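Chemist: Pasting the sequence and the predicted coordinates here, then a few questions.
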Amino acid sequence: FLSVTEELVRRRAEHNNCEIFSLEEISLHQHEIEKLEYLDKWCRDLKILYLQNNLIPKIENVGKLKKLEYLNVALNNIERIENLEGCEELKKLDLTANFIGELSSIEALKYNIHLKELFLVGNPCTEFEGYRQFVVATLHQLKCLDSKEIERSERIQALQNYPEVKQKIREQEQAYLLNRAREKEEAQRRMQERKDKKQKQMESKLGFDSSDSLQNKENHQAEGDREQETWRTVEDDEEDRRFWEEPTPYTPESRLETHRHIEEKRRAKDNIRESKKREKPLQTLVTAEGKVLNVNVPKLHFSLKDDEENNQIILDLAVYRHLDTSLLDVDVQPTYIRVLVKGKPFQLVLPEEVKPDSSSAKRSQTTGHLVVSMPKAKEIILAKQKVSTSIKDSDCNTLQKNARSGQVEKLEVDPSKYSFPDVTKIIQKKEQIGQGPIRLQPEMITETKKSYVDFENNEDV
């Protein structure tokens with residue numbers, strides 16, 4: 001059965017920084033809890049406790065919650081009211097849609113003097129004749145029952161008829177308890193029949209498996225396994241259909257049985273899903289002959305560039321921008337590169353051998369892409385150009401250094417040996433030759449100067 005665990009309580013105490021000793025309110029609804037325990041030891045300061053829509057059959061282990069003001073245990077399997085005497089501050093109790101048929105058990109709430117509101121809607125006891133009068137007369141401190149305020153005249157009338165109403169309630173209660181005993185016996189018998197039937201089915205399945213496995217060894221194993229799985233699926237669907245179509249009384253046992261049936265089906269589906277994951281063949285990355293394959297299981301876009309200037313190969317892999325880098329695993333080999341993205345392999349054969357030790361990987365801060373730089377294993381050998389022998393010694397030394405470093409640089413040639421015309425000398429040559437308009441302008445100036453050589457500047461004229 002499922003119980004209240006410390007992990008569950010801490011997870012539901014996020015609003016209190018996961019501290020449970022000072023917790024005042026907690027909601028544990030819809031957690032399929034079948035037993036209520038430990039809360040009175042871990043959360044002594046609880047004021048509000050939500051436990052609706054679980055499978056709790058009995059109110060227990062809450063008597064030490066002295067500060068508890070509101071307890072909600074609606075939609076459970078509770079059959080009687082008990083163990084609440086220690087909840088001294090209890091003001092509101094919700095028992096909606098349970099299986100309380102022992103109405104006299106509400107007398108245990110007499111000690112909860114601060115109890116103002118009580119909800120019993122949806123319980124078998126509410127169908128008893130005189131139900132409301134009995135509750136109103138028994139619990140004097142109540143102000144509201146089933147969302148309806150108790151008036152003073154109603155309480156006076158209930159107290160006047162209390163002996164007669166109490167007798168009627170006792171008789172109806174006894175009849176209900178006898179009926180409940182028969183329902184329990186019927187539920188146990190039905191559960192035993194289902195258990196025996198399931199045992200026989202398991203034995204038949206085991207027999208089918210053994211005979212079918214021998215046959216598969218002789219014939220085709222894969223085809224036999226498929227047929228066997230189809231047969232089991234059809235049988236399980238038929239059994240599930242019979243379970244839901246069979247009329248069953250609404251009792252704590254049937255509710256628990258339904259829950260366990262759903263849980264069993266869910267686990268069976270999870271097991272099938274896990275088995276399919278295990279049976280899934282691993283992706284082949286290297287063939288038996290040692291040939292490396294190109295693989296892109298994560299289906300990512302990528303680009304592979306040959307950077308001749310820096311003598312390296314660059315891989316740009318478009319991984320998800322917000323993917324954590326810890327989920328990436330890069331493995332560079334001389335002839336290929338392998339990247340695991342969340343366990344899914346991306347593998348690419350390189351066009352040339354690279355140096356794994358000198359390779360580097362980094363993430364782009366803008367796109368989040370993975371950029372892997374892999375220097376080539378072979379150095380670049382530069383072709384010698386035919387130049388004149390008049391190269392300076394410093395240029396030769398520079399060329400040798402560049403050849404050693406493996407970097408591509410241009411050679412510097414003596415400027416005097418250039419075959420291109422010198423633009424700065426074109427004008428001078430034209431002036432010397434005396435061609436064009438540039439020659440005419442200085443001639444005019446010289447003639448003007450000659451014409452005014454004998455000129456005298458007389459100020460009196």
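Modeler: That came through fine.

Chemist: can you give me the helices for the stretch 251-400 of the chain?
Modeler: Under the criterion DSSP state H, counting those that start in this stretch, helices of the stretch 251-400 of the chain are mapped to 252-279, 393-405.

Chemist: Contacts only, for Gly130.
Modeler: Residues near Gly130 by CB atoms under 8 Å, 6 or more residues apart in numbering: Asn161, Glu164, Val165, Lys168, Ile169. All C-beta spots, glycine's among them, are computed from the backbone N, C-alpha and C.

Chemist: any chance of those residues in TSV, plus secondary structure, pLDDT and neighbour count?
Modeler: Below are these laid out as TSV (DSSP: H, G, I helix; E, B strand; the rest coil; pLDDT from 0 to 100; neighbours: other CB atoms under 10 Å):
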residue	secondary structure	pLDDT	neighbour count
Asn161	coil	92	14
Glu164	helix	93	11
Val165	helix	94	23
Lys168	helix	93	16
Ile169	helix	94	21
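
Chemist: Determine which two of the residues you listed are furthest apart.
Modeler: Farthest pair in those (CB to CB) is Asn161 and Ile169. Separation: 11.5 Å.

Chemist: can you count the residues close to Ile100?
Modeler: Using other CB atoms under 10 Å, Ile100 is surrounded by 18 other residues.

Chemist: Same check on Pro124?
Modeler: Residues near Pro124, counting by other CB under 10 Å: 20.

Chemist: Low-confidence stretches in the chain?
Modeler: Across the chain, residues meeting the criterion (pLDDT under 70) sit at 1, 205-235, 277-281, 381-455, 461.

Chemist: please redo it, this time with the cut-off set to 80
Modeler: Where the chain drops to pLDDT under 80, the residues are 1-2, 198, 201-237, 239, 274-283, 379-461.

Chemist: Check whether Phe21 sits in a helix, strand or coil.
Modeler: With DSSP: H, G, I helix; E, B strand; the rest coil as the basis, Phe21 sits in coil.

Chemist: thinking again about what came up before, can I get the contacts of Gly130 in CSV with distance to Leu75?
Modeler: Listed next are the contacts of Gly130 as CSV, based on distance: CB to CB, whole Å:
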residue, distance to Leu75
Asn161, 32
Glu164, 33
Val165, 28
Lys168, 28
Ile169, 24
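
Chemist: Nearest to Leu65 among those residues?
Modeler: Among those, and counting by CB to CB, the member closest to Leu65 is Ile169, at 29.5 Å.

Chemist: Name the SS class of the closest residue to the closest one other than its chain neighbours, please.
Modeler: Nearest residue to Ile169 in three dimensions, chain neighbours excluded: Phe134, at 5.0 Å (CB to CB, 6 or more residues apart in numbering). When classified by three-state DSSP, Phe134 comes out as helix.

Chemist: Phe134 touches Lys166, doesn't it?
Modeler: Yes. Phe134 is in contact with Lys166 according to CB atoms under 8 Å; the separation is 6.4 Å.

Chemist: what about these two, which has more around it?
Modeler: The neighbour comparison of Phe134 against Lys166 (other CB under 10 Å) goes to Phe134, with 23 against 16.

Chemist: List the contacts of the closest residue to Asn72 other than its chain neighbours.
Modeler: Spatially, and ignoring its direct neighbours in sequence, Asn72 is nearest to Asp94 (4.4 Å; CB to CB, 6+ apart). Residues near Asp94 by CB under 8 Å, 6+ apart: Gln52, Tyr70, Leu71, Asn72, Val73, Ala74, Phe119.

Chemist: Could you rerun that using 7 Å?
Modeler: Neighbouring residues of Asp94 by CB atoms under 7 Å, 6 or more residues apart in numbering: Asn72, Val73, Ala74, Phe119.

Chemist: From Ile314, how far off is it?
Modeler: Distance, Asp94 to Ile314, by CB to CB, to the nearest Å: 67 Å.
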